[in-house]
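Peer 1: Following is a predicted model, sequence given first.
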Amino acid sequence: MEKWTKGPWRYFKQGDGTRFHITARPATKPGNRFDDFATVDIGHEDDARLIASAPLLYDELAHLVRLLEPLERDGTLNVPGLATLNGARAALSRATGEEGGR
């Protein structure tokens, strides 16, 4: 089970566009657009978009690992496929902190 806030996440600009809010759900308080769980002070919308897509990216990598592991076990996974599988595993480990927090 994940330790983070369930997706999907969204982002929106605040003020002059150098601050972005990341949110996971519509507002529960009248007058608010969203209930924020993170404010990211960055000047690039691309960074906010990448952060907001993190839950989807994690889920898709986990799905890829589940699809490729049977091929690895039966020995039919080729070298590029094995490299992809190992890269996906490494990214998931990094996201969950299992790789030592690097």
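Peer 2: Alright, I've got the coordinates. Residues are numbered from 1 along each chain as shown.
Peer 1: Which residue is the nearest non-sequential neighbour of T5?
Peer 2: The shortest distance from T5 to any non-neighbouring residue, by Cβ to Cβ, 6 or more residues apart in numbering, is to A24 (4.7 Å). For glycine as for every other residue, the C-beta is placed from the backbone atoms N, C-alpha and C.
Peer 1: What helices and strands are in contact with the strand or helix carrying the one you found?
Peer 2: If you go by DSSP states H and E, A24 is part of strand 19-26. Packed against strand 19-26 by the contact rule (3 or more Cβ pairs under 8 Å, 6 or more residues apart in numbering; DSSP states H and E) you find strand 10-14, strand 34-40, helix 45-52.
Peer 1: any idea of the angle that strand forms with strand 10-14?
Peer 2: Orientation of strand 19-26 against strand 10-14 (axes from the mean of the first three to the mean of the last three Cα atoms, to 10 degrees) gives an angle of 140 degrees.
Peer 1: returning to that earlier point: okay, now the residue nearest to T5: neighbour count?
Peer 2: A count of neighbours around A24, defined by other Cβ atoms under 10 Å, yields 18.
Peer 1: I'd assumed I22 was in contact with Q14.
Peer 2: No: in this structure, Q14 is not within contact of I22 by Cβ atoms under 8 Å, at 11.3 Å.
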